[in-house]
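>>> let's see this in three dimensions:
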Amino acid sequence: GDYDADGVCAAAILSLYLSSRGLKVCAHIPNRIGEGYGLNVETISTLNAEVKIDLLITVDCGISDFDKIETLKGLGIDVVVTDHHEPPEVLPDCIKINPKLDGQAYPFDGLCGAGVAYKLGCALIGDAADKYLDFVALATVADSMDLVDENRDIVACGLKLYNNPSTLRLAFHYLLGENNKTVTAQTLAYVVAPRINAGGRMGDANTALKLFTTNDPNEIFDLAVKLNEYNIARQAECDTIYREAKDKIKKYNLYKKDVILVKDDSWRAGFIGIVAAKLVEDYARPVIVFAGQNDYYKGSARSVDGVNIHDAITACKDLLLGFGGHSQAAGVSVDKENFTAFENALNSYVKTEYGKIDKTQKIYVEWNIDYSVSARFVKEIDNLEPFGVGNRRPLFTTSVNDVDSLPLKFGSPHYTFKTDVLEMLDFNGEKNVFTLSLPVEKKVVFEINLSTYKNRESIKGYCRAVCPNYGDFNALKL
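Prediction:
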């Protein structure tokens, strides 16, 4: 498997299914630091010497491992590749299940790795595989798949398993904690997925796999606690790398480039993807964050709509040790001596292929609201769930002038303020306090949510941005 939430969920699905059919299964999640992404021949050879592998199935990886699979076949191991990443020019010579392959009759190519594993289960046992849809829903959201077409059905059906006490797995019960009132796609994205990914980022993804495959309630509790501790440590380290990366981008004028490449030998590879995603939001252009790995750099790329970062990296492949991924996210490895050449080649390709990238940060909203919002209106919005990539929760605006924004409680980083439409919650809202207090017209961009406490419904607005009026609202694309 892979060491992210998608790979762990995919490995759990096939492990549980194959074991239930009486097969002897050894599931392996590679260590991000020691083994890296994809197949590791040395690890598999060691396992083969211990247990004699008859069949090796990959999940969420393998489509780019032609040479490694040839080596494994030479050891007498049959291989089945299940993957969802972009296929390379040279494909493995084995059974391949990937919706992106040319000539595949399957009508939807947007499945995640766990989605492909689930489809293999469907082919083998039909509707009985649906009991794994909680894993598939989590993986679909965690891997930022578009919530369109079949993915909407997968996540909607998976959420039903989370919201039914009789089908909620004990592992998810502990991971959700107090967030198990009503589980949405956002709950999976911001509560469960980070805890599963934290294991892989801390070099211990097998903790998450054990959590999903053990039947021991005490072990489930202990493993869930361990992942929560990993997540707390992960948050602290990501914050440090993010601040250091911002300083480097400013110091070296990297913000002037079409693609930002920022590196440091002290950064850990497990955290650079999260940082890259945050920097894309800040600078509205593709970003690759690199961590030092002895004589080479390992990078994680994130992109913006309209720029296929996988194609751009592919165009520079002669300078690389390896790469793979999607149009919006990719991994790349480059010798330190080739870093500058790769940086120049990548920026040259993007400039030639896409011209001048529009680096204006845009917020897409539905309409301006200047009236009270009803619970019925919010429930109509909720009917459009699941929300996520490809189907964002709708945003609205309302106009305000000078507004007092106050902490929710003493010492809290979260703030609240009132408008004519709704009371707003502004998470980590200290940055907006001064702007809101200015005596000029502003647009508050917000989501509308309905919460229930002790059988009482209340409507809250979640502030997403505050945009002062400097003559026209260039920051908004209405």
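
>>> flag every buried residue along stretch 298-318.
Within stretch 298-318, the residues scored as buried using 16 or more other Cβ atoms under 10 Å are 298-304, 307-310, 312-314, 316. In short, each C-beta sits where N, CA and C put it, glycine included.

>>> between these, which is nearest A105?
Each of the buried residues of stretch 298-318 was checked against A105 using Cβ to Cβ; the closest is H310, at 24.1 Å.

>>> now the closest one: how far from A10?
20 Å (Cβ to Cβ, to the nearest Å).

>>> then D295?
Noted for D295: a distance of 32 Å to A10, by Cβ to Cβ.

>>> of the two, which one has the most company?
A10 (35 against 8; other Cβ atoms under 10 Å).

>>> list the contacts for the more buried one?
Contacts of A10 were listed using Cβ atoms under 8 Å, 6 or more residues apart in numbering, and they are G1, D2, V59, D60, T82, C112, G113, A114, V116, A117, F135, A139.

>>> ok, now which ones touch the second one?
When you say that, I think you mean D2. So D2 contacts V8, A10, I29, P30, Y37, G38, V59, D60, C61, G113, G200 (Cβ under 8 Å, 6+ apart).

>>> in a helix, it, correct?
No - secondary structure of D2 (DSSP: H, G, I helix; E, B strand; the rest coil): coil, not part of a helix.

>>> and it, how far from H84?
Relative to H84, and taking Cβ to Cβ, D2 is found at 11 Å.

>>> give me the common contacts of those two.
Among the neighbours of D2, those also in contact with H84 (Cβ under 8 Å, 6+ apart) are D60, G113.

>>> chain neighbours aside, what residue packs nearest to Q186?
F387 (6.7 Å; Cβ to Cβ, 6 or more residues apart in numbering).

>>> next: D382.
Closest residue in space to D382, ignoring its immediate chain neighbours: L450 at 6.8 Å, by Cβ to Cβ, 6+ apart.

>>> tell me which element that neighbour falls in.
In the assignment (DSSP states H and E), L450 maps to strand 442-453.

>>> before we move on, the earlier item: quick check: the residue nearest to Q186 touching D146?
No - if you go by Cβ atoms under 8 Å, F387 and D146 don't touch, sitting 11.8 Å apart.

>>> who's more crowded, these two?
Taking neighbours as other Cβ under 10 Å, F387 and D146 compare with F387 leading, 20 against 14.

>>> picking that back up, buried residues in the helix or strand following the strand holding L450?
Going down the chain from strand 442-453, the next helix or strand is strand 456-468, by DSSP H and E. By neighbour count on 16+ other Cβ under 10 Å, the buried set for strand 456-468 is I459, K460, G461, Y462, C463, R464, A465, V466, C467.

>>> and strand 456-468, how far out from the chain middle?
Remark: strand 456-468 is offset 25 Å from the chain centroid, using Cα atoms, centre = their mean, to the nearest Å.

>>> break down the stretch 1-150 of the chain into its helices, ranges please.
Along the stretch 1-150 of the chain, the stretches classed as helices by DSSP state H, counting those that start in this stretch are 5-20, 41-51, 66-74, 113-125, 133-142, 149-162.

>>> from those helices, which stretch is densest packed?
When the helices of the stretch 1-150 of the chain are scored by mean count of other Cβ atoms under 10 Å, the highest mean neighbour count falls to helix 133-142 (a mean of 29).

>>> can you tell me what sits against it?
4-6, 9-10, 12-13, 111-115, 118, 147, 151, 154-155, 157-159, 161-162, 167, 169, 172, 185, 188-189, 192-193, 196-197, 212, 386, 388.

>>> I272 reaches G299, doesn't it?
Yes - contact criterion Cβ under 8 Å: I272 and G299 qualify, at 7.0 Å.

>>> any common contacting residues for the two?
Common neighbours of I272 and G299 (Cβ under 8 Å, 6+ apart) are V289, F290, A291.

>>> restricted to strands, list those residues.
V289, F290, A291 (DSSP state E).

>>> how distant is the longest helix anywhere in the chain from the center of its chain?
Ranked by residue count under DSSP state H, the longest helix found in the chain is helix 217-251. Put simply, helix 217-251 sits 15 Å off its chain's centre (Cα atoms, centre = their mean).

>>> helices and strands around that helix, which ones?
If you count contacts as 3 or more Cβ pairs under 8 Å, 6 or more residues apart in numbering; DSSP states H and E, helix 217-251 packs onto helix 170-176, helix 193-201, helix 206-213, strand 260-264, helix 272-283.

>>> and the ones you listed, which is most packed in?
By mean count of other Cβ under 10 Å, the helices and strands packed on helix 217-251 have helix 193-201 as the most buried, with a mean of 25.

>>> what residues does that one touch?
Against helix 193-201 from outside (Cβ under 8 Å, 6+ apart): 2-5, 7-9, 29, 32, 138, 141-142, 175, 205-208, 224, 227-228, 230-231, 233-234, 268, 270-271.

>>> what of stretch 41-61?
Residues outside stretch 41-61 that contact it (Cβ under 8 Å, 6+ apart): 1-2, 4, 6-7, 10-11, 13-14, 24, 26, 28, 30, 35, 37-39, 65, 68, 71-72, 75, 77-85, 112-114, 116-117.

>>> thank you, goodbye.
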